[in-house]
Every structure is written in structure tokens, then in C-alpha cells.
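[1] Okay, predicted coordinates and the sequence, questions at the end:
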Amino acid sequence: MDDHPAQLRLPHLRGGRPPAPEGHRLHRGGGLGDRLASPQHRQGGREGRPGVGVRAGRQRAGLHRPRRHRRPVVTPPRLALHTWTLDTTPLDVALDAARVAGWDGVELRAVDFERARQAGEEPGAVIARVRARGLAVACVGARPGWMWADGPERDALLAILSASCAAAAAAGCATVMSPADGGRGDVRRAAASVREAGDIARSHGVRLAIEPPSQAEQLSALDRVGEVLALAGHPACGVLVDLYHVQRAGDWGALAALPGPAIAHVQFSDVPPDTRPGFVLDRLPPGAGVVPFRDAFALLAAKGYQGFLSYEAPCEAAWKRPAADVAAEAMAATRRLLPA
């Protein structure tokens, strides 16, 4: 399996050059664009423009001052800590760890709101605790299973999706995520469910990002979820790219071919050299495993993705460590591998 994504070749700017006026020719090599050079310019100056001939002479002698090119402004990506990374840690402690480590936001799960509800808190209280620490809500998760479920089970899962969308909207968050179903079923039925889920997301003013889990039986890869999304054709739905699952599914070619606007959310963590089928609680900080993060982050930037990068790294070994250490270690590792 190739661990490195295909190189992305950016297309050149399209459009022809304007025709030069009669008596002029296009003079190349003038920095960022071509310059129009008239016969008078080529002869070393013209009336009313003293000094042009001197400059031309300096250019021919190699004494001209090189033009300064402005570097494009690169906006650093926003980084979020997924609460599953610190699953055994109380939410307040996890939020403090995220803030101290320098994360820009957190990704919340449906279970975070369910635990708060069991403690007598409303969803707004969870959001207030995040905001009190100066953190953004990067994404809110829903539960999988609604694509092929029936009856009351399906109704309950779609109700959870709707609640997650409402919480995201209240938090000023634009994205809700849901893993694709883990079993097998009819693609057309899955597409119909995606359309219904998309209507729910759109009614709350958010976008639904659907994740292909690499260990799913059927919808385990970007192209398979992409087929469902294409059949659904819903503008409020996109794909979630999780670099952990991309690596385990050998999905780098599909990621390279994926149009940037189709990417609704990105999650990441590293994959250990040795994995077990069906086991995903082994995720590592970037650089500790086999994911080619420099290439992957550069590829996402080249595609124009400007959303959060969410560190989702549930790991049984990490859950036994102090939350502050896990959050700080992951932040430092991520920064080392981001594009300069």
C-alpha cells in the first residue's frame, strides 16, 4: 500500500494574452507579467520620459534592481481537539487542557451533551463552558446508523442528528458530522436517508459531514461514501476526511482526486505501524506512526480547505495519561508538521 498521496498539480491560470497594439511587441521577462515595449522603449527612451534609456542600459548591463515579489498570505489552519481523544476525562478538565495547550477549538460529540443532560444540564450550558475558555466549537457529532435503520430506531437516530444540528447552530458552528453506517445495505436507500438528513442540517443552517470509517463493511472509503453523496445530491452534505481512516483504507488516491469543495470537515491522527482489524483505539499523535502528514496537510491546503483540522485520537494508552500532557503533546506534534 502506498503511504504517500499522489502529487497535486495545480492548473495554470487560464485566459489568453491581450493582443499588443500595432507597432509594439510583447516583452517577456518583466517579473509577474509581460510588459508592452514600444519601438521607442527599445531604442532607449522617448520624448518626455528622461532616464528611460539609462534604466534600459542598466538592465542590459545586469545592474537593474530585481523586483520584489509579494509572497501569498498563508492563513494558519484552525486546530481543534476532539473530546473522544480525552474520553475518560471530565469535560471541564478536557476543556482546560485544550485551552492551555493552545487549541483553537474543540469538537464535541452527541455523548457530551447526553452526559450533561444526565447531570441536569441543558445543551446551552455545555456551549457556555466551551466559550468561557475562549474556545470555538469546531464540529458537533451525531450517532451513526440512520442510513439503513428502520422504525423507532431510525426516528431516534435522526432526532439525535437534529439535536446535534441545533447545538451546533447555537454554538455558531457550521458543521455537524456523522459516520456512515458500519454494515451493508442498498446504496439508493442510503442516498435517500442522506437527503433526509441533509434537509435536517439545512433547516438548522449547518452542513453535514459524512465520514467513511475504514473498518465499515461497505461504506469504508471516500469513493463509496462519495457515490452515496452523488446520488443524494444534497447541497448541505459533504464528506468528512479523516486521515487516520484514509491511511488504513489505502485511500490516498481518492483523496487526491476529491474536489476541495466536497470536503466538509477534516479529522486526523496517526496510525501505528501494526494495526488490528476492527480496532481503532490505537491512534497516535502526528509523526508517531505512518501517515505522511506533511504531504497530507499540504494537499488539503492546495485544495483550498479552510475549515478546522480536528485531532481525533482515541487511544487506550493515552486515556491513562494526564489530559494536559496528551493535549500539549498532540499540539506540538501537529505544529511541527503543518506547512510553513
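    Good, I have the coordinates. Numbering: from 1, shown residues only.
[2] any idea where the helices of the stretch 101-250 of the chain begin and end?
    110-118, 123-131, 151-170, 187-203, 222-232, 243-249 (DSSP state H, counting those that start in this stretch).
[3] JSON lines for those helices, including distance to Thr334, mean pLDDT and mean neighbour count?
    Placement of C-beta: from N, CA and C, glycine included. Listed next are the helices of the stretch 101-250 of the chain as JSON lines, based on distance: least, Cβ to Cβ, whole Å; pLDDT from 0 to 100; neighbours: other Cβ atoms under 10 Å:
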{"stretch": "helix 110-118", "distance to Thr334": "22", "mean pLDDT": "97", "mean neighbour count": "16"}
{"stretch": "helix 123-131", "distance to Thr334": "20", "mean pLDDT": "98", "mean neighbour count": "17"}
{"stretch": "helix 151-170", "distance to Thr334": "23", "mean pLDDT": "98", "mean neighbour count": "18"}
{"stretch": "helix 187-203", "distance to Thr334": "28", "mean pLDDT": "99", "mean neighbour count": "18"}
{"stretch": "helix 222-232", "distance to Thr334": "22", "mean pLDDT": "98", "mean neighbour count": "20"}
{"stretch": "helix 243-249", "distance to Thr334": "11", "mean pLDDT": "99", "mean neighbour count": "24"}
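[4] With respect to Leu309, which of those helices lies nearest?
    helix 243-249 (9.0 Å; Cβ to Cβ).
[5] Can you give the distance from the closest one to the centre of its chain?
    Distance of helix 243-249 from its chain centroid, counting by Cα atoms, centre = their mean, to the nearest Å, is 14 Å.
[6] what sits up against that helix?
    3, 211-215, 220-222, 251-252, 254-255, 266-271, 275, 280, 283, 290-291, 293, 296, 312-313 (Cβ atoms under 8 Å, 6 or more residues apart in numbering).
[7] Mind checking which of those residues land in helices?
    Members of the contacts of helix 243-249 lying in helices (criterion: DSSP state H): Leu222, Trp252, Ala254, Leu255, Phe293, Ala296.
[8] How about the contacts made by the spatially closest residue to the first one that is not a sequence neighbour?
    Residue nearest to Leu222 in three dimensions, not counting chain neighbours: Ala254, with 4.1 Å by Cβ to Cβ, 6 or more residues apart in numbering. By Cβ under 8 Å, 6+ apart, the contact set of Ala254 is Ala221, Leu222, Asp223, Gly226, Val246.
[9] Distance to Gly260 added to the residues you listed, as JSON lines?
    Shown next, in JSON lines, are the contacts of Ala254 (distance: Cβ to Cβ, whole Å):
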{"residue": "Ala221", "distance to Gly260": "19"}
{"residue": "Leu222", "distance to Gly260": "13"}
{"residue": "Asp223", "distance to Gly260": "16"}
{"residue": "Gly226", "distance to Gly260": "14"}
{"residue": "Val246", "distance to Gly260": "15"}
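[10] Just the closest of those to Ser193, please.
    Among the contacts of Ala254, Gly226 lies closest to Ser193 (Cβ to Cβ), at 15.8 Å.
[11] ok, that closest one touching Ala257?
    No. Gly226 is beyond contact range of Ala257, at 9.5 Å (criterion: Cβ atoms under 8 Å).
[12] Show me which of the ones in helices among the contacts of helix 243-249 is closest to Val140.
    Closest to Val140, out of all of the ones in helices among the contacts of helix 243-249 and judged by Cβ to Cβ, is Leu222, at 22.1 Å.
[13] What residues does the closest one make contact with?
    For Leu222, counting by Cβ under 8 Å, 6+ apart, the contacting residues are Pro212, Val239, Val241, Val246, Ala249, Asp251, Ala254, Leu255, Leu258.
[14] Is it correct that the second one is in contact with Pro261?
    Think Val239. No. Assessed by Cβ under 8 Å, Val239 is found out of contact with Pro261, at 10.4 Å.
[15] Between the two, point out the one with more neighbours.
    Neighbours around Val239 and Pro261, counted as other Cβ atoms under 10 Å, are more numerous at Val239. The numbers are 25 against 10.
[16] And that one, how far from Gln267?
    12 Å (Cβ to Cβ, to the nearest Å).
[17] what do you get for Val225?
    14 Å.
[18] Leaving out the residues flanking it, which one is nearest to Ala330?
    Here the residue nearest Ala330, using Cβ to Cβ, 6+ apart, is Pro285, at 4.6 Å.
[19] Report the separation between the one you found and Val326.
    8 Å.
[20] One more: Leu79?
    14 Å.
[21] Comparing the two, which shows the higher neighbour count?
    Val326 (25 against 22).
[22] quick one: contacts for the more buried one?
    Contacts of Val326 by Cβ under 8 Å, 6+ apart are Thr85, Leu86, Ala97, Ala318.
[23] Nearest to Ala168 among these?
    Using Cβ to Cβ, those come closest to Ala168 at Thr85, 19.2 Å.
[24] Can you get me a residue count around the closest one?
    27.
[25] how much space between the spatially closest residue to Leu86 that is not a sequence neighbour and Arg202?
    Spatial nearest neighbour of Leu86, excluding adjacent residues (Cβ to Cβ, 6+ apart): Ala94 at 4.1 Å. Separation of Ala94 from Arg202 (Cβ to Cβ): 31 Å.
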